[in-house]
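Colleague: Got a sequence here, can you model it:
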Amino acid sequence: MSAAESATRDLPGRVDLLERRGLAWIARSRELPIAVGLFLLAALSGLLLVGAWGTTVGNRNAAIVLVWILWWVLLMGVAVPVAARGWCAVCPLPLPGEWLQRRALFSVRHASGATTRRGFTRIGHNLYAGANRRWPARLSNLWLQTAGFLLLATFSAVLLTDPFTTVVAIGGLLALATVVALLFRQRAFCRFLCPVSGFLGLYASSSLLAVRCRDESRCGACRDKACIAGSEHAWGCPWMERPNRMTRSNACGLCLECVRACPSDNMSVFLRAPFAEHRLTGWDEAAKAVLMLSLGIAYTAVYLGPWGDLKDAANVAWHQDWNRFWHYVAGLWGFAAVLVPASFLLVGAWARHRAGGGPSWKSCTLAAASAAVPLGLATWIAFSVPLAFVNGSYVVAVASDPLGRGWDLFGTALLPWTPVLPEWMSGLQGAIVLGGHGAALAVAWRSAFVDGADRRAALAVFAPVAWLVTSFSLALLWLHVG
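Modeller: I've put the predicted structure just below:
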């Protein structure tokens with residue numbers, strides 16, 4: 001079966017959302033996502049100013065509260081499960097660089113015939129400014145994104161409490177995205193560097209929305225390939241994907257340029273079952289999946305567990321004890337980047353041994369790491385619950401006094417810290433972990449059929465993976481429920 005013929009095999013019982021006229025209009029609108037992105041860019045610029053000039057008290061500064069409470073809760077609790085890459089479609093970080101590449105906001109620069117304009121490079125059927133170098137093939141993976149996320153996670157306590165550090169981190173990402181856009185073609189930063197994009201791509205395999213072609217044969221007969229190369233109506237895929245042949249959503253940014261470009265209206269957005277894509281394909285994806293799970297567990301222990309000393313050690317901005325902080329870093333990296341990954345490697349070897357040596361060690365390890373995706377997603381959602389239930393009142397208060405300067409724009413600045421239904425939290429977190437555990441076991445079973453394994457060999461592979469997943473789930477339940 002060719003890639004084109006299998007483009008929709010992960011969408012059993014799929015629902016074509018763009019058959020509905022209103023949704024089709026929204027999907028084909030060029031102005032709407034750009035308008036949302038511009039609004040978010042203006043809001044982000046304001047938050048950076050607030051972070052730099054507002055109060056240094058984290059829970060009274062809008063840069064901290066709106067980014068690390070409101071945005072994070074909406075991202076992990078709503079956007080990621082439904083459409084993980086939906087945030088990428090409106091993210092403000094790549095907008096300045098993308099404008100410098102395209103020199104257009106709502107229009108499309110189409111290369112007419114063989115002609116080009118001075119200062120522009122032809123890529124497909126579109127014209128782009130800038131150097132437009134190709135991203136190095138040896139860096140076309142998730143390793144840099146994974147390292148970037150680990151670095152941010154290392155200083156998480158400082159990011160969550162110190163507004164200026166948040167300004168430096170987000171401002172640095174904005175500047176990096178712009179510089180990369182001037183040097184490399186299309187959204188190289190988003191696909192290969194952005195630490196947020198890295199885990200959104202990982203969890204896109206779990207989300208409910210997917211862009212695919214409607215009719216594989218029609219794509220096979222198409223010579224123009226406008227979804228890849230662009231047209232006078234749309235830009236070529238900014239993510240450097242082949243939309244007509246996509247079978248996975250990890251690198252699809254849901255920008256919907258392919259929907260606008262397709263001359264035969266053959267690209268669409270489908271609603272599908274969760275966790276429809278269950279197999280990881282490389283060591284970089286496996287490392288990302290395992291790291292996200294291990295960091296989720298570590299964060300749960302540090303910020304929600306009963307060990308106050310861990311949280312204090314993580315916040316070097318507060319205690320200024322760098323020796324203590326580096327001990328914390330050694331423990332965090334040892335757990336997240338060594339101990340947990342090693343457990344998956346060992347389980348992969350154990351699974352291969354149980355299967356009689358038929359499947360390869362890499363295939364068995366990737367099967368085990370695939371189960372880390374749904375459990376990792378559940379871990380992060382459960383971790384985010386207290387941000388909404390316990391700290392959500394800070395959002396209402398800071399809306400009236402974003403700088404922490406004594407304003408009261410909406411009459412809510414003096415609202416006291418008010419946890420919402422704290423007695424429900426543990427039960428909700430436990431239910432989320434159990435749901436993730438069930439999904440992880442389902443993914444582990446489907447992933448166990450590796451290298452042509454029959455049912456007996458698959459069961460041999462599945463058992464060690466199920467044991468490992470259950471161990472992590474029990475640890476999470478103990479942390480959340482006790």
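Colleague: For the nearest residue to residue 83 once chain neighbours are set aside, which residues are in contact?
Modeller: Nearest residue to residue 83 in three dimensions, chain neighbours excluded: residue 209, at 4.2 Å (CB to CB, 6 or more residues apart in numbering). For every residue, glycine as well, the C-beta is placed using N, CA and C. With contact set as CB atoms under 8 Å, 6 or more residues apart in numbering, residue 209 has these partners: 17, 82-83, 86, 254, 269-272.
Colleague: Please enumerate the strands of the stretch 251-400 of the chain.
Modeller: Assignment of strands within the stretch 251-400 of the chain using DSSP state E, counting those that start in this stretch yields the ranges 267-271.
Colleague: Okay, helices next: where are they in it?
Modeller: With DSSP state H, counting those that start in this stretch applied, the stretch 251-400 of the chain shows helices at 257-261, 283-299, 308-314, 316-319, 322-333, 340-354, 361-389, 392-400, listed in chain order.
Colleague: so can I have a markdown table of these showing mean pLDDT?
Modeller: Output for the helices of the stretch 251-400 of the chain, formatted as a markdown table (pLDDT from 0 to 100):
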| stretch | mean pLDDT |
| --- | --- |
| helix 257-261 | 94 |
| helix 283-299 | 96 |
| helix 308-314 | 88 |
| helix 316-319 | 80 |
| helix 322-333 | 94 |
| helix 340-354 | 95 |
| helix 361-389 | 94 |
| helix 392-400 | 86 |
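Colleague: Compare those and give me the one nearest residue 448.
Modeller: helix 361-389 (5.6 Å; CB to CB).
Colleague: tell me which residues in the closest one are buried?
Modeller: The neighbour-count check on helix 361-389 (16 or more other CB atoms under 10 Å) flags 363-389 as buried.
Colleague: next one: stretch 93-104
Modeller: Judged by neighbour count (16+ other CB under 10 Å), stretch 93-104 contains these buried residues: 93-95, 97-99, 101-102.
Colleague: Filter those down to the ones in helices?
Modeller: Under the assignment DSSP state H, those contribute 95, 97-99, 101-102 to helices.
Colleague: Looking at those, which is nearest residue 170?
Modeller: Lowest distance from residue 170 to those (CB to CB) belongs to residue 95, with 13.7 Å.
Colleague: so who does that closest one touch?
Modeller: For residue 95, the residues meeting the contact criterion (CB under 8 Å, 6+ apart) are 37-38, 41.
Colleague: could you redo the last one with a cut-off of 10 Å?
Modeller: Residues in contact with residue 95 (CB atoms under 10 Å, 6 or more residues apart in numbering) are 34, 37-38, 40-41, 44, 105, 174, 177-178, 181.
Colleague: Give me the local confidence score for it.
Modeller: At residue 95, the pLDDT value in this model is 96.
Colleague: To what extent is residue 280 buried, counted in neighbours?
Modeller: Counted by other CB atoms under 10 Å, the residues lying close to residue 280 total 28.
Colleague: Surely it and residue 373 touch.
Modeller: Yes - under the criterion of CB atoms under 10 Å, residue 280 is in contact with residue 373, at a separation of 7.5 Å.
Colleague: Please report how far residue 259 lies from residue 272.
Modeller: With distances taken as CB to CB, to the nearest Å, residue 259 is found 16 Å from residue 272.
Colleague: What of residue 479?
Modeller: Taking CB to CB as the measure, residue 479 falls 32 Å from residue 272.
Colleague: again with residue 103
Modeller: For residue 103, the distance to residue 272 under the criterion CB to CB works out to 37 Å.
Colleague: by contact count, what packs against the helix or strand residue 423 falls within?
Modeller: With elements delineated by DSSP states H and E, residue 423 resides in helix 422-447, which encompasses its position. Using 3 or more CB pairs under 10 Å, 6 or more residues apart in numbering; DSSP states H and E as the contact test, the elements touching helix 422-447 are helix 283-299, helix 361-389, helix 455-480.
Colleague: Try it again at 8 Å.
Modeller: For helix 422-447, the packing partners by 3 or more CB pairs under 8 Å, 6 or more residues apart in numbering; DSSP states H and E come out as helix 361-389, helix 455-480.
Colleague: Give me the average confidence score over it.
Modeller: Per-region confidence: helix 422-447 scores 93 on mean pLDDT.
Colleague: Would you mind checking the contacts of residue 95 for buried ones?
Modeller: By 16+ other CB under 10 Å, the contacts of residue 95 give 34, 37, 40-41, 44, 174, 177-178, 181 as buried.
Colleague: quick one: terminal-to-terminal distance for stretch 126-145?
Modeller: According to CA to CA, to the nearest Å, stretch 126-145 extends 28 Å from its N-terminal end residue to its C-terminal end residue.
Colleague: What residues of that stretch count as buried?
Modeller: Applying a neighbour-count criterion of 16+ other CB under 10 Å, one finds 126-130, 132, 135, 141-145 buried in stretch 126-145.
Colleague: All set, thanks.
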